[in-house]
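**Student:** Here you go, sequence then predicted model.
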Amino acid sequence: MTLHANAEELSAVLRGLLPNPRVVVSGNFAAPGITLDLVDRNVPEWRLWILNPQLGLPERDGITPETPFVGPGMRKNPRLRYVPCRLSHVPRLFDGPMVPDVVVLHTSVPRHGVVSLGIEVNVLPAAIEACRARGGTVIAQANPQMPFTYGDAIVPLSSVDVLFEAEEPIAAANPSPLDDTCSVIGDRIAARIKDGSTLQMGIGGVPDAVLNALQGRRGLRFWTEMFSDGVLALDRAGALDPDSTLAVSFLFGSQELYEWVDGNPRVRMLRTEASNDPGLIAQQPLMTSVNSALQVDLFAQANASRINARIYSGFGGQNDFIVGALHAKGGQAFIALRSWHPKADVSTIVPLLDEPVTSLQHTGVVTEHGLAEIWGRSQDEQARNLIEQAAHPRVRDELREEAEALGLRVS
């Protein structure tokens, strides 16, 4: 029986939890702020488990932040407990190493005996199942502003122990104009994408630029971890396959996007075990994966996780989609990045990574200077292509010298 609770009743439930519970929370841009504030007020010590945490989360002594993918809300936290894990394997953490005692969801208001996880599905279905199997507590903050989405987003009220209705704004993006560098990179990648392709790409200037350049294509599909307003623009341009659902695990975009996905049967929210399954990804026609990185070295290894040995993000789903895309018929997997890091004032193409490798063996590496073909090339050709087609001109001579020292023949 679901308890329909007010703030006082929910606080009483929280005060009755076992000491130092692990609290798994809707992540990315769907954190339920009002409920988390109540957790923080009523639970002296607890473990906050969340994917890609954003700013504004509770932070104090007594809270241990845990995540397999670090976001800005935990990046500099001295108490951070980072657990390296590919996103497709994260649900398995709930079966043993990181059993949830409590799951706090941010949902729609109930409709016909169910609520919807709205813009964030991801690993939450697995967390709910693991929590209930062990007698834990599932709490849903039902928010009238949360879009009602379908697929694996649907949660029966019978799976919710406490329903707490509280309204707060859903985090929304304010799309910024595309700069020239992103536009050039986006055009280069878009030129490799055919009609009827299936796409995976994230959020940011380069993915937005790719989607912007694809409005003349037809029959495009999506099988992706997330999408934003670029998909809405493609739909309006008639570029999407009208008979195909848009498979996605979480969303972040404008209020206009949220209104578009609300009650939209074409948007099929998937749990991570499906969205990031390389075997299912490989079944998608002309699967094209576009991801970013902090650095790429002359052996075509990408680092997207660490800066100066400090964790910046994590594996995420990059490996899942690269492997899946390269096993798909006609599939491609690109790493896209600026050739020069503007803040650090260094080249992003380096001789050899001194950070852990996030991914490798991509189809190509794309910067504003060109597209370096990687797959099917010898190691010497890979290095030569990276230097001549991807690296910034001011470091090419230095990279050639470093390549020779590494035993690569690039001259």
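**Tutor:** Arrived safely.
**Student:** I'd say Val410 and Glu402 touch.
**Tutor:** No. Under the criterion of CB atoms under 8 Å, Val410 makes no contact with Glu402, lying 9.6 Å away. Quick note: C-beta positions are derived from backbone N, CA and C, even for glycine.
**Student:** neighbour count winner among the two?
**Tutor:** Using other CB atoms under 10 Å as the criterion, Val410 and Glu402 rank with Val410 on top: 22 against 19.
**Student:** quick one, what contacts the residue lying closest to Met226 once chain neighbours are set aside?
**Tutor:** Nearest non-adjacent residue to Met226, counting by CB to CB, 6 or more residues apart in numbering: Phe250, 4.9 Å away. By CB atoms under 8 Å, 6 or more residues apart in numbering, Phe250 lies in contact with Asn28, Phe29, Ala30, Ile119, Glu120, Val121, Asn122, Glu225, Met226, Met269.
**Student:** what does Pro21 give?
**Tutor:** Neighbouring residues of Pro21 by CB under 8 Å, 6+ apart: Val43, Trp46, Arg47, Asp101, Val102.
**Student:** Kindly present those residues as CSV, with separate columns for distance to Leu220.
**Tutor:** Below are those laid out as CSV (distance: CB to CB, whole Å):
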residue, distance to Leu220
Val43, 46
Trp46, 43
Arg47, 41
Asp101, 42
Val102, 40
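**Student:** quick one: which of these sit in strands?
**Tutor:** Among the contacts of Pro21, the residues falling in strands (DSSP state E) are Trp46, Arg47, Val102.
**Student:** Looking at those, spot the one nearest Pro53.
**Tutor:** Using CB to CB, Arg47 comes nearest to Pro53 of these, at 12.8 Å.
**Student:** per-residue confidence at the closest one?
**Tutor:** You'll see Arg47 listed with a pLDDT of 98.
**Student:** Check Ala247 too.
**Tutor:** With respect to pLDDT, Ala247 has a value of 98.
**Student:** Over to Ser378?
**Tutor:** pLDDT recorded at Ser378 is 97.
**Student:** Report the separation between it and Arg306.
**Tutor:** Counting by CB to CB, to the nearest Å, the gap from Ser378 to Arg306 is 28 Å.
**Student:** Tell me which of those two has more neighbours.
**Tutor:** A count of neighbours by other CB under 10 Å puts Arg306 above the other of Ser378 and Arg306, at 19 against 10.
**Student:** pretty sure the more buried one is touching Gln295, no?
**Tutor:** No. Using CB under 8 Å, Arg306 is not in contact with Gln295, being 9.5 Å away.
**Student:** Could you pull out the residues contacting both of these two?
**Tutor:** Glu355.
**Student:** Can you say which helix or strand has Glu225 in it?
**Tutor:** Assigned by DSSP states H and E, Glu225 belongs to strand 221-227.
**Student:** sorry, that was for Asn264
**Tutor:** In this structure, Asn264 sits in neither a helix nor a strand according to DSSP H and E.
**Student:** Next, the contact list for Ala140, please.
**Tutor:** Applying CB under 8 Å, 6+ apart, we find Ala140 in contact with Val104, Leu105, His106, Thr107, Val115, Val155, Val160, Val162, Leu163, Phe164.
**Student:** quick check, nearest of the residues you listed to Asp180?
**Tutor:** Closest approach between these and Asp180, by CB to CB: His106, at 37.4 Å.
**Student:** was I right about the closest one contacting Asn122?
**Tutor:** No. Contact criterion CB under 8 Å: His106 and Asn122 do not qualify, at 11.9 Å.
**Student:** coming back round to it: who does the residue nearest to Met226 form a beta bridge with?
**Tutor:** Beta-bridge partners for Phe250, by DSSP bridges, are Glu120, Met226.
**Student:** any idea which of the ones in strands among the contacts of Pro21 is the one closest to Ala336?
**Tutor:** Ala336 lies nearest to Arg47 out of the ones in strands among the contacts of Pro21, by CB to CB, at 35.3 Å.
**Student:** Give me the neighbour count for the closest one.
**Tutor:** Other residues within reach of Arg47, judged by other CB under 10 Å, total 20.
**Student:** Now stretch 194-213: average pLDDT?
**Tutor:** 92.
**Student:** err, stretch 27-34, not the other one
**Tutor:** Averaging pLDDT along stretch 27-34 gives 97.
**Student:** What of stretch 317-325?
**Tutor:** pLDDT averaged over stretch 317-325 gives 96.
**Student:** sec struct for the nearest residue to Leu51 once chain neighbours are set aside, please.
**Tutor:** Closest residue in space to Leu51, ignoring its immediate chain neighbours: Gly27 at 3.5 Å, by CB to CB, 6+ apart. Look at Gly27: counting by DSSP: H, G, I helix; E, B strand; the rest coil, its state is coil.
**Student:** Next up, identify which helix or strand Gln54 is on.
**Tutor:** Using DSSP H and E, Gln54 sits within no helix or strand.
**Student:** give the contact list for it.
**Tutor:** Going by CB under 8 Å, 6+ apart, Gln54 touches Asn28, Phe29, Ala31, Gly71, Pro72, Gly73, Ala171.
**Student:** Mind doing that once more with 7 Å?
**Tutor:** Contact analysis of Gln54 by CB atoms under 7 Å, 6 or more residues apart in numbering lists Phe29, Ala31, Gly71, Pro72, Gly73.
**Student:** Most neighbours among those, please name it.
**Tutor:** Ala31 (25 neighbours).
**Student:** Any stretches of the stretch 201-350 of the chain with poor pLDDT?
**Tutor:** For the stretch 201-350 of the chain, applying pLDDT under 70 flags no range at all.
**Student:** For the strand holding Glu225, name the packing helices and strands.
**Tutor:** Packing partners of strand 221-227 (3 or more CB pairs under 7 Å, 6 or more residues apart in numbering; DSSP states H and E): strand 198-201, strand 246-251.
**Student:** list the buried ones in the host helix or strand of Ile185?
**Tutor:** Assigned by DSSP H and E, Ile185 belongs to helix 180-190. Residues Thr181, Cys182, Ser183, Val184, Ile185, Gly186, Arg188, Ile189, Ala190 are the ones in helix 180-190 that count as buried (16 or more other CB atoms under 10 Å).
**Student:** which stretches of the chain form helices?
**Tutor:** Taking DSSP state H, the helices of the chain run over residues 7-15, 33-42, 90-93, 124-133, 180-190, 205-212, 229-236, 255-261, 272-275, 278-281, 318-327, 379-385, 396-405.
**Student:** Turn the ones you listed into JSON lines, including distance to Ser359.
**Tutor:** What follows is the helices of the chain, written out as JSON lines (distance: least, CB to CB, whole Å):
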{"stretch": "helix 7-15", "distance to Ser359": "40"}
{"stretch": "helix 33-42", "distance to Ser359": "33"}
{"stretch": "helix 90-93", "distance to Ser359": "17"}
{"stretch": "helix 124-133", "distance to Ser359": "24"}
{"stretch": "helix 180-190", "distance to Ser359": "16"}
{"stretch": "helix 205-212", "distance to Ser359": "16"}
{"stretch": "helix 229-236", "distance to Ser359": "23"}
{"stretch": "helix 255-261", "distance to Ser359": "28"}
{"stretch": "helix 272-275", "distance to Ser359": "17"}
{"stretch": "helix 278-281", "distance to Ser359": "12"}
{"stretch": "helix 318-327", "distance to Ser359": "5"}
{"stretch": "helix 379-385", "distance to Ser359": "14"}
{"stretch": "helix 396-405", "distance to Ser359": "21"}
